[in-house]
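**Q** Build me a structure from this.
(chains A and B)
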Amino acid sequence: NAGVTQTPKFQVLKTGQSMTLQCAQDMNHNSMYWYRQDPGMGLRLIYYSASEGTTDKGEVPNGYNVSRLNKREFSLRLESAAPSQTSVYFCASKWEASSGEAFFGQGTRLTVV
Amino acid sequence: QQQVKQSPQSLIVQKGGISIINCAYENTAFDYFPWYQQFPGKGPALLIAIRPDVSEKKEGRFTISFNKSAKQFSLHIMDSQPGDSATYFCAAISSGSARQLTFGSGTQLTVLP
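**A** Got it, this is the predicted structure:
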C-alpha cells in the first residue's frame, strides 16, 4: 500500500519553463490537496479537490493550475515558472472532506532559477 | 494573513525534558485541531488531534491542551527523546464543504541527548 505518491521528487526549472507535478493515491480517498512549504510559512494550500470532478482555489493559487484526472490522481501545473515558486510541494488526500486525517506524499523539491 | 499562529519557531530541549509548543487561532469556524509531525525529507504525518469540546487529549507522551475561550491550544511532549526531533505543525480544520487544513508556521524541535 503506497499511500500518496508524488513525482518527481526533485526538479530544477528555468524561469518561464512549464512542468506538471503528479500525485496519485491508492486509498480511495475523495479529497485531495496541493500545498507548498516555505521556511517560516508552514504549509499553504494552493488548490484542493473535494471530490472527483471538482477543484477550488486555496490560499495561494496564482501561477498554478490543477487537474483532478480521476479519483486517484491530482496534478499541479506551473505554466510559466518563476523564482518565487521555488518551494517544496506536498500533495495530500483525505477519505472525506469531513475526516480529520490527511495523508501526505513525500514532497517535490522544486527550484526555479 | 496567518489564521493559525504558532510559537516558538524553534525549540531546544534536553532529553527527558518537556517540550511545549503553542498555537492560537481567530476563526471560530475551526472545529478540529490536529498536530502534524514532519521529519526531514518526509511529508507531515498526523500525530494527535482534538475537538474543541474537549479540554485535553493524551496519547502516550503527547498531550494537547485546548482552551476554547482563549482560542489557544498547545502540544506538550513529556520525557522528550532525541527521536522526537522534528518539525511540528499545529493545524485547524474549518467547517465547510472541503474542510481543508490551515497550518501554523511550524516549530523545529531539537532534543539533545
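**Q** SS state for the nearest residue to residue A:16 once chain neighbours are set aside?
**A** The shortest distance from residue A:16 to any residue other than its chain neighbours is 5.3 Å, reached at residue A:80 (CB to CB, 6 or more residues apart in numbering or on different chains). (C-beta placed from N, C-alpha, C; glycine too.) Look at residue A:80: counting by DSSP: H, G, I helix; E, B strand; the rest coil, its state is coil.
**Q** Please apply the same query to the one 4 residues further on.
**A** Here residue A:84 is helix, with the state taken from three-state DSSP.
**Q** what's the burial count for it?
**A** Neighbours of residue A:84 under the rule other CB atoms under 10 Å in any protein chain shown: 10.
**Q** how about it, what does it touch?
**A** Neighbour list for residue A:84: A:63, A:112 [criterion: CB atoms under 8 Å, 6 or more residues apart in numbering or on different chains].
**Q** can you pull the pLDDT of it?
**A** Per-residue pLDDT puts residue A:84 at 97.
**Q** Name the residues of chain A found near chain B, please.
**A** When proximity is defined by CB under 8 Å from any CB of the partner chain, chain A lies next to chain B at A:4, A:31, A:33, A:35, A:40-45, A:48, A:50, A:56, A:58, A:90, A:92, A:97-98, A:100-102, A:104-107.
**Q** what's the spacing between the residue in chain A that chain B sits nearest to and residue A:88?
**A** In chain A, the residue that lies nearest chain B is residue A:104 (3.1 Å; CB to the nearest CB). Note on residue A:104: its distance to residue A:88, by CB to CB, to the nearest Å, is 11 Å.
**Q** Between those two, point out the one with more neighbours.
**A** residue A:104 (22 against 18).
**Q** contacting residues for the spatially closest residue to the more buried one that is not a sequence neighbour?
**A** Closest residue to residue A:104 apart from its sequence neighbours, by CB to CB, 6+ apart: residue B:43 at 3.1 Å. When contacts are counted by CB under 8 Å, 6+ apart, residue B:43 touches A:4, A:90, A:92, A:104-107.
**Q** Which members of those define the maximum pairwise distance?
**A** The two members of these with the most space between them (CB to CB) are A:92 and A:106, at 11.3 Å.
**Q** returning to that earlier point: I'd like the contacts of residue B:43 laid out as a markdown table, including pLDDT, secondary structure and distance to residue B:75.
**A** A markdown table is the format used below for the contacts of residue B:43 (pLDDT from 0 to 100; DSSP: H, G, I helix; E, B strand; the rest coil; distance: CB to CB, whole Å):
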| residue | pLDDT | secondary structure | distance to residue B:75 |
| --- | --- | --- | --- |
| A:4 | 96 | strand | 24 |
| A:90 | 98 | strand | 21 |
| A:92 | 95 | strand | 20 |
| A:104 | 95 | strand | 18 |
| A:105 | 96 | coil | 24 |
| A:106 | 95 | coil | 23 |
| A:107 | 97 | coil | 22 |
